[in-house]
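Undergrad: Take this sequence and fold it.
(chains A and B)
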Amino acid sequence: MLRYAVSRLVELIPVFFLCLLLIFLIVHAAPGDPVLYLYGQHITTGEDLQRLRAQYGLDRPVAARFLVYLGGLARGDLGRSITTGHPVGQVIASRIGPTVLLMMSATVLAVGLGVLLGAVAARRPNSLTDSALMVLTLVGYSIPTFLLGLLLIMIFSLAFPLFPTFGMTTLGGNYAGLRQILDVLHHLILPAIVVAVWYLAVYARITRVSLIGALREPYIGTARAKGLSEWTVTFRHALRNALLPVLTNLGLQLGSMVTGAIVTETLFAWPGIGYLSYTALLQRDYPVLVGIFVISSICVLAANLLTDLAYALCDPRIRLQ
Amino acid sequence: MSGSARLLALPFLGILFVLSVLTPILPLPSPRAMTARPLQSPSAAHVFGTDDLGRDVFSRVLWGARISLVVGLASAAIATLVGTIVGALAGYAGGGLDRVLMRITDASLVLPTFVLILIVVAIFGANVSKVILIIGFTSWPQTARVARAEFLSLREREFVLAARSCGSSASRIVWRHLLPNALPPILVTATLRVGTAILTEASLGFLGASDPNAISWGQLLLNALQVMRDAWWTVAFPGLAISLTILALNSVGDMLAGRAVVPGQ
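TA: Here you go, the predicted structure:
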């Protein structure tokens, strides 16, 4: 097991390096001279230009600059924001909490409800309930995140003012304790639904297909023959095995969930990484965007590694390959 | 499942395609002409109403369809080409090359590519061809996986052995013998890529990060954000257009695959 974990980790590292190199080259290819951009008005002589370029290490070859960049990353230095001058690491760290909250809530909602709906649909394939649920999921994964957000805002905030549309807390509320938690939850509901729906639809479909398969297995016949209730057979015996594909997808979809979070946080002014990406984009603050990419990539790769390990724990055939 | 609804998918896409090709010669108000009274609800003169600047929403939705379809088809074509080449190399060559290519593919599959797209847009700006290139070159991994699986199973078949024993070169075997056989599943994935590309472009447009000079569905919805309280039609029609298009593309992909396809695969 440990050997499997280490080998997976070793495989990930070069890929991550490639990724960093790609990003570095993209930023390197950016038009314009960063020194002129920063000090353009104050530079009068070519000598000044040379001195500043040397000061920032811009006169060194690309490979050397990449190594310097990697060295900085290893020390947790992601550079500085172009617009505010704050260290990118700090800027991102201050925004990570709300995004984790949003994505965790969305994941719990998507997996919980998705698996449940998939299981209900799989109980009677091709029945009216099944067809209705499958049409619903088809709609759920075809509707763009931002449109769903707009619609929910139009219905639940404008037509029926039940939920707030802006931010994570009530402005000037200054709540504490339980009031504060309830206030955040109140703000969380709509954005969490918006992020969750696509995944909910996907998990419902995956669960349905794999549960239909599992219910055909001989051990289900055995369980039924023992006189177990249909409920126990479905949820305790079949569903446990049918959940593995959902687990795999959970890891795979995390990176794409970041996209959903960017759009949703922007729409609801949710103060997380996604909204930060949007403001950084507007200000063309690419060090912040690169930092977000690097950090979210690390998180996604780590989550995938964990998923692989969880999978290997559940299914011994994988680690013995 | 929902068989009758699926039958509508192809005609819908066909009509959308024809309409968007014909848009410039249709007798429509210019999508940029701010000549009508702003925020009119749908009427005979303006079937989808007008927006906050007095522009005809129907005309703008159709012009938006052109951008969406161009971006969707062109970037899906790039993704399919790149993905097929990578998948063919990995699947046919096998061994070390396969391992390296597949590790890169797997990582590209899970990484938050949308952030990468935002970085490129932030640095180089956006126009339609740049958006097509960025989306195309970030959405090939799924196709690569499908292509690899096909080539992997096809290369063991007798007809490949026969071709090899006749002295066919590796590249001839790959392109003339394997590719035609591997094409159907690759084309199914391509259908799904068109849908995701349209969605990605619309998300960019909604963030104001797509081509600022092009009229796109995402931008229409971004503009609608300001007036949605008073003018539901500015959200409803562009929203319906994009949702139905994605729904139709997903259904066609499902139908071609002949099974309950899981999106995002």
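Undergrad: How much space separates the closest residue in space to B:T138 that isn't next to it in sequence from A:A159?
TA: Once flanking residues are discounted, B:T138 sits nearest to B:T113: 4.2 Å by C-beta to C-beta, 6 or more residues apart in numbering or on different chains. Just so you know, the C-beta spots here come from the backbone N, C-alpha and C atoms, and that holds for glycine as well. According to C-beta to C-beta, to the nearest Å, B:T113 and A:A159 sit 36 Å apart.
Undergrad: swap in A:L102?
TA: 24 Å.
Undergrad: can you give me the strands for chain B?
TA: Taking DSSP state E, chain B contains no strands at all.
Undergrad: which one's the longest helix in it?
TA: Using DSSP state H, we find that the single longest helix of chain B is helix B:57-93.
Undergrad: Which strands and helices lie in contact with that helix?
TA: Helix B:57-93 sits against helix B:9-22, helix B:95-110, helix B:128-138, helix B:141-154, helix B:179-206, helix B:217-227, helix B:233-257, with contacts defined as 3 or more C-beta pairs under 8 Å, 6 or more residues apart in numbering or on different chains; DSSP states H and E.
Undergrad: how about the residues of the stretch 151-265 of chain B that lie near chain A?
TA: For the stretch 151-265 of chain B, the contact set with chain A under C-beta under 8 Å from any C-beta of the partner chain comprises B:195, B:199-200, B:202-203, B:206-209, B:218, B:221, B:224-225, B:228-229, B:232, B:235, B:239, B:242-243, B:246-247, B:250-251, B:260, B:262-264.
Undergrad: try the stretch 1-150 of chain B
TA: For the stretch 1-150 of chain B, the residues in contact with chain A (C-beta under 8 Å from any C-beta) are B:1-2, B:5, B:103-104, B:106-107, B:109-116, B:118-124.
Undergrad: name the element A:Y311 belongs to?
TA: Here A:Y311, judged by DSSP states H and E, is contained in helix A:286-314.
Undergrad: wait, isn't B:A147 in contact with B:V82?
TA: No: the pair B:A147 / B:V82 is not scored as a contact, 10.1 Å apart, by C-beta atoms under 8 Å.
Undergrad: what's around the nearest residue to B:N213 once chain neighbours are set aside, how many residues?
TA: Spatially, and ignoring its direct neighbours in sequence, B:N213 is nearest to B:N127 (7.3 Å; C-beta to C-beta, 6+ apart). B:N127 is flanked by 13 other residues according to other C-beta atoms under 10 Å in any protein chain shown.
Undergrad: Against B:A163, how distant is B:N127?
TA: For B:N127, the distance to B:A163 - C-beta to C-beta - is 45 Å.
Undergrad: so who does B:G195 touch?
TA: Residues near B:G195 by C-beta atoms under 8 Å, 6 or more residues apart in numbering or on different chains: A:S142, B:G72, B:T245, B:I246, B:L249, B:N250, B:G253.
Undergrad: Quickly note the distance from it to A:A196.
TA: On the measure of C-beta to C-beta, B:G195 and A:A196 end up 20 Å apart.
Undergrad: And for B:I123?
TA: 32 Å.
Undergrad: what does A:F235 give?
TA: A:F235 sits 22 Å away from A:A196, going by C-beta to C-beta.
Undergrad: The two: who's more crowded?
TA: A:A196 (27 against 15).
Undergrad: neighbour count winner among B:A147 and B:V82?
TA: B:A147 (29 against 18).
Undergrad: which non-adjacent residue is nearest the more buried one?
TA: B:G87 (2.6 Å).
Undergrad: Count the neighbours of that neighbour for me.
TA: Per other C-beta under 10 Å, the neighbour tally for B:G87 reads 29.
Undergrad: again, but for B:A209
TA: 22.
Undergrad: Hmm, it is touching A:S277, no?
TA: No: counting by C-beta under 8 Å, B:A209 stays clear of A:S277, with 10.0 Å between them.
Undergrad: what do those two both touch?
TA: B:L118.
Undergrad: and residue 45, what pLDDT?
TA: Went with chain A since none was named. For A:T45, the model assigns a pLDDT of 75.
Undergrad: could you do chain B instead?
TA: pLDDT at B:A45 comes out at 81.
Undergrad: Next: B:V261.
TA: pLDDT, B:V261: 44.
Undergrad: need the contact list for residue 31.
TA: Since no chain was named, I'll use chain A. B:I123, B:F124.
Undergrad: think we crossed wires, I meant chain B
TA: B:R55, B:D56, B:S59, B:R60, B:L62, B:W63, B:I215.
Undergrad: Quick check: the farthest pair among those residues?
TA: With C-beta to C-beta as the measure, no two of the contacts of B:P31 lie farther apart than B:R55 and B:L62, at 12.3 Å.
Undergrad: Make a markdown table from the helices and strands packed on helix B:57-93 and add mean pLDDT to it.
TA: Formatted as a markdown table, these follow (pLDDT from 0 to 100):
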| stretch | mean pLDDT |
| --- | --- |
| helix B:9-22 | 92 |
| helix B:95-110 | 87 |
| helix B:128-138 | 94 |
| helix B:141-154 | 91 |
| helix B:179-206 | 91 |
| helix B:217-227 | 89 |
| helix B:233-257 | 89 |
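Undergrad: Please look at B:A163 and B:W175 and confirm they touch.
TA: No: counting by C-beta under 8 Å, B:A163 sits too far from B:W175 to count as a contact (11.4 Å).
Undergrad: of those two, who's got more company?
TA: Neighbours were tallied for B:A163 and for B:W175 using other C-beta under 10 Å; the higher tally belongs to B:A163 (17 against 12).
Undergrad: what sits against the more buried one?
TA: B:R172, B:I173, B:H177.
Undergrad: Show the buried residues in the residues you listed.
TA: Neighbour-count burial (16 or more other C-beta atoms under 10 Å in any protein chain shown) applied to those gives B:I173, B:H177.
Undergrad: Give me the subset of the contacts of B:A163 that lies in helices.
TA: B:R172.
Undergrad: Out of the contacts of B:A163, flag the one nearest to A:C19.
TA: Nearest to A:C19 among the contacts of B:A163, with distances taken as C-beta to C-beta, is B:I173, at 32.9 Å.
Undergrad: pretty sure A:I26 is touching B:I119, no?
TA: Yes: between A:I26 and B:I119 a contact is recorded at 6.4 Å, counting by C-beta under 8 Å.
Undergrad: neighbour count winner among these two?
TA: Of the pair A:I26 and B:I119, B:I119 is the one with more neighbours under other C-beta under 10 Å, namely 25 against 16.
Undergrad: Now the more buried one. Nearest residue, chain neighbours left out?
TA: Leaving aside its chain neighbours, B:I119 sits nearest to A:L289 (4.6 Å; criterion: C-beta to C-beta, 6+ apart).
Undergrad: Kindly report the same for A:L276.
TA: A:R95 is the one closest to A:L276 (C-beta to C-beta, 6+ apart), at 4.9 Å.
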